[in-house]
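Q: How does the following fold in three dimensions:
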Amino acid sequence: MKTIKQIADELGMNKQRVYRFIQRNRIKEAYRDAQAMWYDDAAQARIAQEIGNIGADRSASNDADSASFDAENDAGDAVVAILREQLSAKDRQIEELTAALSNVTNALNAAQALHAATAQKRLTEGKGLMSWFRKQKGRGEQ
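A: So this is what the prediction gives:
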């Protein structure tokens, strides 16, 4: 007779996993004392066989999952390479547009400065709005 811990150690599994298996499959202990539940040879064999079958199924599933993961990983690497190329192209486009925007900003600043200088010159030469009013006033008197 063995305890859950001893069975788990023999199977190389976690004690909690063996306990859950026993509870799920309603396997009765042969003897229970204050500290542990003891299982006979028949219960031990059933636990070992069924947990072993579950482990084999998981192993086969894990192998298939691993192959699938490798294929997905290769496809993922290809997608990442494509996305990096696209990102690099977008970075170049952003640099070109930033340079163009800088040129346009400089041209606008120059045009604004020229306009301001022309307006200032008109005001100082008397060709501004006041000059226009004076001309209008003079026409009305003639």
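
Q: Check the average confidence over the top helix by length along the chain, would you?
A: Ranked by residue count under DSSP state H, the longest helix found in the chain is helix 41-125. Averaging pLDDT along helix 41-125 yields 83.

Q: could we number from 14 for the rest of this?
A: I'll keep to 14 as the first residue from here, and by that count the last item is helix 54-138.

Q: how far is it from where the chain is centred?
A: 9 Å (CA atoms, centre = their mean, to the nearest Å).

Q: I'd assumed Ala47 was in a strand, is it?
A: No: the assignment for Ala47, made by DSSP: H, G, I helix; E, B strand; the rest coil, is coil rather than a strand.

Q: How many residues are close by it?
A: The number of residues packed near Ala47 is 4, by other CB atoms under 10 Å. The way it works is simple: take the backbone N, C-alpha and C, and place the C-beta from them, glycine included.

Q: mind checking the backbone torsions on it?
A: phi -70, psi -30 (degrees, to the nearest 10).

Q: I'd like the distance between it and Met14.
A: The spacing between Ala47 and Met14, counted by CB to CB, to the nearest Å, is 16 Å.

Q: Same question for Ala120.
A: From Ala120 across to Met14, the span is 94 Å (CB to CB).

Q: higher neighbour count, those two?
A: Met14 (13 against 10).

Q: Name the nearest residue to that one, ignoring sequence neighbours.
A: Of all residues beyond its chain neighbours, the one nearest Met14 is Trp51 (4.4 Å), with distances taken as CB to CB, 6 or more residues apart in numbering.

Q: Neighbouring strands of the helix or strand the one you found falls within in the sheet, and parallel or not?
A: If you go by DSSP states H and E, Trp51 is part of strand 50-52. Strand 50-52 sits in its sheet next to strand 15-16 (antiparallel), strand 44-45 (antiparallel), going by DSSP bridges.

Q: closest to Asp90 out of those strands?
A: The closest of the strands paired with strand 50-52 to Asp90 is strand 15-16. By CB to CB, the value is 48.7 Å.
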